[in-house]
Each structure stands twice: as structure tokens, then as C-alpha cells.
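Enquirer: Please work out how this folds:
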Amino acid sequence: MSQRQIVLWGFLGFVGLAMVAGAIAVLFPRTRVSDEILFSLILIGLYALGVMLVMTFGSKMPWTRLGCILGLVVSLVFFLIGIWFDRAMGWRLENMIYVSGAIALTIGCGLVHRLFIWPIKPSKIGAVVLKWSAVVFAVFTTGVVLYGFIADGFGYWGRVHIRTVGISSILTAGTTIATVAIAIFRPKLLIDGPGMLATSMPVLVTCPRCQSGVEVKSNRESRCGGCRLKIRVEVEEPRCGCGYLLYELESDVCPECGKAVADEDRWTRTV
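Expert: Next up is the predicted model:
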């Protein structure tokens, strides 16, 4: 079993324990299991689920992913300390522990937002404005929340501060959802339309091992008839950066996003 699989199964185990702990707390409210254990299992399970999502979708931004994980782990440690040792701490120390955990969690959540929103590459001007609005609102919300924890502590915010956080959070959520929705559901003209090259076609190649002529099927695994070497030839039509398929496009600009098409990507017919 690889290290990645071990980590995955470990996180799944924590999620499973959190589910069991939650079920016990609901079905047996008078159980002898202490509140500290139940709350700790539920909290660890929730954080494990969050870390799994970050590890799954953050492969293209390793440093941001690392910052997310560190923020979540640090906040989890502070919250567990607060759960287990609150009776031995004075209110000042307890408040400092929870404030530190909340600050780390806020930073981690801010980086999570960047992890999901930054890789989106919109092509339309409206979608670009939405994406950057989501980024700006997220940064503003993170800053306001951090200021609240640092200046006023945990749970002592003023009414204006709370309303500011609420409004900016709503704007962040709305623009983020709209950006993701447009990225998912925007039409991809000619990506799977008629006229595309077939997914598999015969291609004549020379075997690099025995130098025999071989006819293989593109985008499929084949074998040389002489030495049985596995050969795979990938054939793909060029696409614009926005995803538009440039099949039979004789124009020098992409009709989807208006960007110039490089000469080597333009369609040319053989006479």
C-alpha cells in the first residue's frame, strides 16, 4: 500500500469515527462517553474530510495546498486543547486558545477558497469580472474576520462588524458560486460536435525497436507485429486556451474568446 493510500484510509477512518460519535451522541444522549471524546471525534472527522478535499483538488497548487493543511491542522490542535483543558485554564488563556484556533482556521479557509477559485480560467468578460469579484470579496472577508479576532477576541464583535462580515460573506459566496457554475456549465462549442476527428484512426508508424512498419489505431494501445512492442499514438485536434476545438477553423482568431490562433494550430487542408 502506497503512502498516499495510507493517508487516505487514515482520513477515512477519522471520518468514520466522527460519524459513529455523532450517531452515539444523537441516539444515546446520556451515554457514559465523555463530551470531550465525542466532540473531539466529531471535530477530527470534519477536519479530516476538509483535508481530504484539499488534497484531492489542490494538486496544481502545492504551496497553497500546504498552507491550507497547515492552517486546518493548527486550528484543530488549538480547538482540541480548548476542549480538553478548558477547566484548567482561566478565561484569558481559554480565549487566547480559541482565538488562535479561529485565526488559523480563517487563514486556512481563505487559502481553500483560493485553491478552488484561482485555477478557473474564464474566457468571457462577465465571467472574468465575477471571478475577480469573488477573489476580492474573499480577501476582504478574510481580512475583516482576522481583524475581529485579533482586535476584539472570540465572540465580542460589535454589531457593525458582524453585519460587515455577513454582507461580505454573502457577496463572496454568491460570486464564487456564480463563477464555478459558469465554468462548469458554459457551452463548449464544437468540443464534441460533428466534424471532429474520429477518436481512433489508422496511423502508419515505424517500430522504434525492430524498425518494422506498423499500422496502429490512434488513441489506442497496439502492438508491433514483429517484436510485440506496445505502441500508442495520441492524435488530438488543437484547442484554444478557452477549450474551443479548432477543427476546420480557417480564421486567425478564436470565435469563442477572440484570442489570436497560432499559425501551427490553424486548420490547413491537404490538396
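
Enquirer: Just to be sure, Leu204 is in a strand?
Expert: Yes: counting by DSSP: H, G, I helix; E, B strand; the rest coil, Leu204 falls inside a strand.

Enquirer: what sits against the most centrally placed residue in the chain?
Expert: Closest residue to the average C-alpha location of the chain: Phe57 at 3.5 Å, with C-alpha atoms, centre = their mean. For Phe57, the contacting residues are 115-116, by C-beta atoms under 8 Å, 6 or more residues apart in numbering. C-beta coordinates here come from the backbone N, C-alpha and C atoms, glycine included.

Enquirer: and the gap between the nearest residue to Gly101 once chain neighbours are set aside and Tyr47?
Expert: Of all residues not flanking Gly101 in the chain, Phe78 sits nearest, at 3.2 Å (C-beta to C-beta, 6 or more residues apart in numbering). Distance, Phe78 to Tyr47, by C-beta to C-beta, to the nearest Å: 12 Å.

Enquirer: Who has more neighbours out of those two?
Expert: Tyr47 (23 against 20; other C-beta atoms under 10 Å).

Enquirer: wait, isn't the more buried one in contact with Leu76?
Expert: Yes: when contacts are counted by C-beta atoms under 8 Å, Tyr47 is listed as touching Leu76 (4.8 Å).

Enquirer: now stretch 15-29, how far from the centre of its chain.
Expert: Chain-centre distance of stretch 15-29: 28 Å, with C-alpha atoms, centre = their mean, to the nearest Å.

Enquirer: Please export the C-alpha coordinates of the helix or strand where Ile83 lies as CSV.
Expert: Assessed by DSSP states H and E, Ile83 sits inside helix 62-85. Taking C-alpha atoms only, helix 62-85 is exported to CSV below (Å, rounded to 0.1, in the frame of the first residue of the first chain):
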residue,chain,number,x,y,z
PRO,A,62,1.1,22.6,-3.9
TRP,A,63,2.1,25.6,-1.8
THR,A,64,-1.4,26.9,-1.4
ARG,A,65,-2.5,23.3,-0.5
LEU,A,66,0.3,23.1,2.1
GLY,A,67,-0.9,26.4,3.6
CYS,A,68,-4.5,25.1,3.7
ILE,A,69,-3.4,21.9,5.5
LEU,A,70,-1.2,23.7,8.0
GLY,A,71,-4.0,26.2,8.8
LEU,A,72,-6.5,23.5,9.4
VAL,A,73,-4.2,21.3,11.4
VAL,A,74,-3.0,24.2,13.7
SER,A,75,-6.6,25.3,14.3
LEU,A,76,-7.6,21.7,15.1
VAL,A,77,-4.8,21.5,17.7
PHE,A,78,-5.9,24.7,19.4
PHE,A,79,-9.5,23.7,19.5
LEU,A,80,-8.7,20.3,20.9
ILE,A,81,-6.6,21.9,23.6
GLY,A,82,-9.5,24.2,24.4
ILE,A,83,-11.9,21.2,24.6
TRP,A,84,-9.7,19.1,26.9
PHE,A,85,-8.1,21.7,29.1
